[in-house]
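Visitor: Sequence and predicted structure below; questions after.
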Amino acid sequence: MTDRDWADAHLVHAALEIHADDPAFGYRFIADELPGKGVAAGENRVQRLCRDHRIWSVFSRKRGLNRKPGPPVHDDRVQRDFTVTAPNQLWLTDITEHPTA
């Protein structure tokens, strides 16, 4: 085990203790609290280790994991062919333009 791995292990242990005390805060709070535990580390290093060990705020935003698009809202009646020869032959709307329940 290298010295760097040993130091990272101590840093992760201290970060887990800080996070267990208050899981609402993420790596920035942990980086601010580490000097009080006697551990010196830069914010980028703390961010990397927290990411690698899945230590993050309970309020963190979702990172797109397991997000899949839902089914189509309605049938595609024009079959993606948007060409017309005269005005008022084809009307389209975006789903955000009309209210839905």
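Guide: Yes, it's here.
Visitor: what's the model's confidence in the helix or strand containing residue 51, averaged?
Guide: The secondary structure element spanning residue 51 is helix 43-52 (assigned by DSSP states H and E). Mean per-residue pLDDT for helix 43-52: 92.
Visitor: Please name every helix or strand in contact with that helix.
Guide: Judged by 3 or more CB pairs under 8 Å, 6 or more residues apart in numbering; DSSP states H and E, helix 43-52 is in contact with helix 3-21, helix 27-33. For every residue, glycine as well, the C-beta is placed using N, CA and C.
Visitor: Kindly export the last one (C-alpha atoms) in CSV.
Guide: It refers to helix 27-33. Output for helix 27-33, consisting of C-alpha atoms alone and laid out as CSV, is shown next (Å, rounded to 0.1, in the frame of the first residue of the first chain):
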residue,chain,number,x,y,z
TYR,A,27,-17.9,17.5,-0.3
ARG,A,28,-17.5,21.3,0.2
PHE,A,29,-18.7,21.1,3.8
ILE,A,30,-16.5,18.0,4.4
ALA,A,31,-13.5,19.9,2.9
ASP,A,32,-14.2,22.7,5.3
GLU,A,33,-14.5,20.4,8.3
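Visitor: burial count for residue 74?
Guide: 7 (other CB atoms under 10 Å).
Visitor: Report the secondary structure state of it.
Guide: coil (DSSP: H, G, I helix; E, B strand; the rest coil).
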